[in-house]
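Asks: this one's sequence-less:
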């Protein structure tokens with residue numbers, strides 16, 4: 001069984017991002033980049049399935065600039081068997097990424113596709129669902145538990161009313177939530193071994209996919225600074241302000 005894991009290069013979650021001086025985009029100069037945390041969870045789940053003998057191969061794929069090879073090497077160090085980069089100088093939208101991934105799926109023919117539910121930069125939460133629609137595959141989003149059988153996969157996901165369990169025929173698509181697992185750290189020996197693993201690079205133009213943008217970024221700005229709160233001495237003073245100033249109670 002082959003598992004495909006799409007990953008994305010994003011600004012490290014510990015970094016506080018800033019817009020460029022002209023507000024045209026996010027300032028990425030000298031900023032630490034990393035694998036998207038939700039993608040790390042997806043990769044960890046795929047590697048665990050391989051280690052348990054339920055999968056035979058884990059393939060990582062990324063769509064992005066040449067710099068994304070760094071994150072793919074990290075994925076190889078974490079347990080992926082090989083990796084593919086679809087190289088593009090543009091920041092693609094979720095629909096374009098989904099179309100490129102469909103092209104990869106058509107070539108690789110994986111039994112299972114596991115990806116993070118969203119990237120922490122755009123927070124779109126769209127790629128997995130779009131890819132499932134393009135492939136006409138069953139999907140389970142926000143997975144908190146995955147049980148793989150020979151011809152189907154059972155996925156538990158959290159919903160407002162509790163837990164929901166879905167049974168999907170394979171091939172299928174799963175997007176991962178934070179509670180699914182805790183990703184491992186790459187060991188030094190595995191980092192060295194990753195340098196020798198296969199990393200294939202494909203130009204996005206060779207995929208034949210239309211990746212033109214459907215949207216335009218007008219400006220990137222920090223959110224407005226919140227005003228300081230007001231300290232009150234007593235409950236009576238609080239009730240007075242809620243009633244007469246905020247006017248949220250009668």
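Replies: Received, thanks. Fair warning: this is a prediction, and the values are worked out from it, not measured in the lab. Numbers count the residues shown, from 1 in each chain.

Asks: and the strands in this structure?
Replies: Listed in chain order, the strands found in the chain under DSSP state E are 2-7, 9-11, 33-35, 57-64, 82-87, 112-116, 139-148, 152-159, 162-169, 172-176, 198-203.

Asks: just give me the neighbour total for residue 73.
Replies: Applying other Cβ atoms under 10 Å, we find 19 residues neighbouring residue 73. No exception for glycine: its C-beta is placed from N, CA and C like everyone else's.

Asks: that one and residue 199 touch, don't they?
Replies: Yes. Using Cβ atoms under 8 Å, residue 73 is in contact with residue 199, at 7.1 Å.

Asks: show me whatever sits in contact with both of these two.
Replies: Common neighbours of residue 73 and residue 199, using Cβ atoms under 8 Å, 6 or more residues apart in numbering, are residue 83.

Asks: was I right to think residue 186 contacts residue 71?
Replies: No. Counting by Cβ under 8 Å, residue 71 is not a contact partner of residue 186; they are 11.5 Å apart.

Asks: which one's more surrounded, the two?
Replies: Of the pair residue 186 and residue 71, residue 71 is the one with more neighbours under other Cβ under 10 Å, namely 24 against 16.

Asks: that one contacts residue 11, doesn't it?
Replies: No. Checked against Cβ under 8 Å, the pair residue 71 and residue 11 is beyond contact range at 11.9 Å.

Asks: check contacts around the closest residue to residue 19 other than its chain neighbours.
Replies: Nearest-residue entry for residue 19: residue 220, 4.3 Å, with adjacent residues in sequence omitted and distances by Cβ to Cβ, 6 or more residues apart in numbering. With contact set as Cβ under 8 Å, 6+ apart, residue 220 has these partners: 19-20, 23-26.

Asks: per-residue pLDDT of residue 220, please?
Replies: The confidence metric pLDDT takes the value 88 at residue 220.

Asks: measure it to residue 120 for me?
Replies: 16 Å (Cβ to Cβ, to the nearest Å).

Asks: now find how far off-centre the helix or strand of the chain with the lowest mean pLDDT is within its chain.
Replies: In the chain, the helix or strand scored least confidently by mean pLDDT, DSSP states H and E is helix 235-244, which has a mean of 89. Centroid separation between helix 235-244 and its chain, computed with Cα atoms, centre = their mean, to the nearest Å, is 45 Å.
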